[in-house]
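# sequence and predicted model, in that order:
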Amino acid sequence: MKLDKEQIEKIAKAIHENYRKNNPWSQYDKEWEDLSEDIKQINRDQANVFAEHIEFLGMKIKAKSTVVNPIAQFTNEQIEILAERIHHTWVKRKHDDGWVYSATRNDEKKRHNLLVGYDELDESEKDKKLYSKKNSRCRRKTSA
């Protein structure tokens, strides 16, 4: 499914707002209009491939008014698959923009400590990756 520009923009803004809600400490905790164009574009890129990720799970995106039985929550396995695919997309975008791995993040020099495979992220970073990619109800369930 190919999303149109309006759909991409709407999803990108939702991704950003969910990120803000879950990362109030972040340097990106700003209104959409106050973000730099490259950060907006990262959110648009995520939105643009979101439909592909959803279709990979055998699902489809439909307009809210046409949804008969909406999914209430993704399974843990689906969330992990989405998080891994989205992280891979983010890493590719960063590499395409000239970013490289460094143990210490430095935005000015385009160095980032999370430019690694999803499996190499520690659990706290994986949990952060689940932040804005999905509805806040769609998080991994942890055993008590």
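Thanks, I have it.

# so what's Lys126 up against?
For Lys126, the contact set (C-beta atoms under 8 Å, 6 or more residues apart in numbering) comprises Ala83, Tyr118. All C-beta spots, glycine's among them, are computed from the backbone N, C-alpha and C.

# at 7 Å what do you get?
Neighbouring residues of Lys126 by C-beta atoms under 7 Å, 6 or more residues apart in numbering: Ala83.

# ditto for Asn48
Asn48 neighbours (C-beta under 7 Å, 6+ apart): Leu3, Ile8.

# what strand or helix carries it?
Counting by DSSP states H and E, the element that carries Asn48 is helix 37-56.

# where are the low-confidence patches of this protein?
1, 62-73, 128-144 (pLDDT under 70).

# how about 50 then?
Within the chain, the segments meeting pLDDT under 50 span 131-144.

# and the helix holding Asn48, which residues are buried?
40, 42-51, 53-54 (16 or more other C-beta atoms under 10 Å).

# check stretch 13-22 too.
For stretch 13-22, by 16+ other C-beta under 10 Å, it's Lys13, Ile15, His16, Asn18, Tyr19, Arg20.
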